[in-house]
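> model this:
(one chain, ligands or ions: 1)
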Amino acid sequence: MPPRRLPPRPEAANARGMTAYKSGDPTTLNRLYGRAKGKPLRAGQQDLIDTLLPQIAVPTEGPVTAPLLFGDAEGAERPLHFEIGFGGGEHMAGRADMLPDHGFIGAEPFINGVAQALVHVSGDHGRSPPLANVRIHHGDALEVLRRIPDGALSFAYLLHPDPWPKARHAKRRMMNDGPLDLIAAKLKPGGEFRFGTDHPVYLAHALMVMRRHRHQFEWLAQSAQDFLVRPGGWPETRYEAKARAQGHEVWYFRYRRI
Ligand SMILES: C[S@@+](CC[C@H](N)C(=O)[O-])C[C@H]1O[C@@H](n2cnc3c(N)ncnc32)[C@H](O)[C@@H]1O
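From the prediction side, this is the model:
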């Protein structure tokens with residue numbers, strides 16, 4: 001019997017087409033990639049997951065608005081911030097501490113990161129007051145982002161997203177057309193999207209993607225210093241610190257929603 005020929009996988013067909021581009025992005029994938037858990041949680045962290053997380057978790061369904069999350073009166077104008085993949089939550093907690101009248105929503109599927117963020121939210125073991133303006137989703141950021149009303153966000157953050165450096169994994173990168181269209185829809189005009197990376201492959205990819213979204217985002221850089229030096233009001237993340245310790249360059253991008 002002759003060997004059965006299988007139709008080429010779209011990936012293989014693209015590889016033959018001499019381009020790294022493949023259609024699809026995280027909004028089209030029906031699963032999350034990356035680690036969901038790491039080392040066993042310490043007792044104190046598990047305690048925060050059991051007691052604090054249920055109090056500040058984003059509801060699992062329905063619209064995600066400032067009145068529903070923070071109990072604000074309808075019409076109150078609390079600026080909302082959304083962080084995709086907050087890791088250990090250093091940036092989210094730092095920003096929330098700087099801006100106590102603003103509301104912060106962070107999403108992270110890695111339970112150990114959620115536990116670390118809860119330590120910051122609870123006041124870092126009594127070193128500072130607890131943060132009342134943070135809400136957390138343990139899971140996919142895009143699932144929550146879709147439930148935020150259009151034009152409701154003042155800031156969106158994507159800091160050191162998983163690089164997925166191989167071209168065949170490019171569709172797993174958060175910096176892609178689907179997530180960007182979603183971020184653009186949720187930001188109000190004049191709202192800000194901040195992106196940071198230390199990964200050269202991701203940098204080139206991100207610049208290419210952002211060029212396709214010039215109708216939605218204006219790059220706020222005036223000079224090289226603006227993307228080479230961490231801007232004020234941008235707390236360092238764990239990945240950023242790790243990257244710098246390894247001698248990597250880090251690039252910072254601020255885009256204004258048009
Ligand atoms: C390289 S880490 C960076 C973490 C943090 N932003 C920092 O700079 O330290 C990327 C993070 O994105 C998270 N992530 C991946 N896919 C995600 C998704 N769909 N929604 C939310 N977070 C996601 C991962 O779990 C991981 O913690």
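
> ok, for the spatially most central residue of the chain, nearest residue in space, not its chain neighbours?
In the chain, the residue lying closest to the centroid (CA atoms, centre = their mean) is I84, at 1.7 Å. In space, and not counting its chain neighbours, I84 is closest to A141: 4.0 Å by CB to CB, 6 or more residues apart in numbering. The C-beta positions use only the backbone N, C-alpha and C, and glycine is treated the same way.

> next one: R146
Counting by CB to CB, 6+ apart, R146 lies nearest to L182, which is 6.7 Å off, once chain neighbours are set aside.

> wait, what's in contact with the one you found?
Applying CB atoms under 8 Å, 6 or more residues apart in numbering, we find L182 in contact with 27, 142, 145-146.

> can you list the residues of this structure near the ligand?
26, 32, 34, 84-87, 107-110, 113, 140-142, 159-162, 237-240 (CB under 6 Å from any ligand atom).

> Confirm that I105 sits in a strand.
Yes. Judged by DSSP: H, G, I helix; E, B strand; the rest coil, I105 forms part of a strand.

> Just give me the neighbour total for it.
26 (other CB atoms under 10 Å).

> Look up how far A170 lies from it.
Distance, I105 to A170, using CB to CB, to the nearest Å: 27 Å.

> sorry, back to before: and the contacts of L182, which two are the farthest apart?
T27 and L145 (9.5 Å; CB to CB).

> quick one: which of these two has more around it?
Taking other CB under 10 Å, T27 and L145 do not tie; L145 has more neighbours (22 against 17).

> wouldn't the more buried one be in contact with I183 here?
Yes. Using CB atoms under 8 Å, L145 is in contact with I183, at 7.2 Å.

> rewinding a little: what touches both of T27 and L145?
179, 182.

> Could you verify my assumption that the residue nearest to I84 touches A107?
Yes. Here A141 reaches A107: they are 3.6 Å apart, a contact under CB under 8 Å.

> Looking at these two, which has the bigger crowd around it?
Using other CB under 10 Å, the more surrounded residue of A141 and A107 is A141, with 26 against 23.

> what's the distance between that one and R211?
Distance of A141 to R211, computed by CB to CB: 23 Å.

> residue ranges with poor pLDDT in this protein?
Scanning the chain with the threshold set as pLDDT under 70 gives 1-22.

> Now do the strands in it.
For the chain, strands defined by DSSP state E occupy the ranges 80-84, 103-107, 134-137, 153-159, 187-197, 217-219, 251-257.

> got TSV for those, with distance to A73 too?
As requested, the strands of the chain are arranged in TSV below (distance: least, CB to CB, whole Å):
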stretch	distance to A73
strand 80-84	15
strand 103-107	13
strand 134-137	18
strand 153-159	18
strand 187-197	19
strand 217-219	32
strand 251-257	26
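
> show me the contacts for E90.
The neighbours of E90, taking CB under 8 Å, 6+ apart as the test, are 120, 235-238.

> re earlier: so what's the residue nearest to the centre of the chain up against?
Contact analysis of I84 by CB under 8 Å, 6+ apart lists 107, 141, 145, 156-158, 161, 174, 179.

> Those residues: which two are farthest apart?
So, the contacts of I84 by CB to CB: farthest apart are L145 and P161, at 13.9 Å.

> Distance-wise, check the nearest residue to P235 once chain neighbours are set aside relative to F104.
The spatially closest residue to P235, leaving aside those adjacent along the chain, is G94, at 3.0 Å (CB to CB, 6+ apart). Between G94 and F104 the distance, using CB to CB, works out to 10 Å.

> again, but for D150
Look at D150 and F104: by CB to CB, they are 19 Å apart.

> try G232
To F104, G232 is 18 Å away according to CB to CB.

> more neighbours, those two?
F104 (28 against 6).

> is it true that that one touches R135?
Yes. With contact defined as CB under 8 Å, F104 counts as touching R135 (7.0 Å).

> before we move on, the earlier item: which residues pair with the residue nearest to the centre of the chain across the strands?
With DSSP bridges applied, I84 shows beta-bridge pairing to A107, L158.

> Thanks a lot, see you next time.
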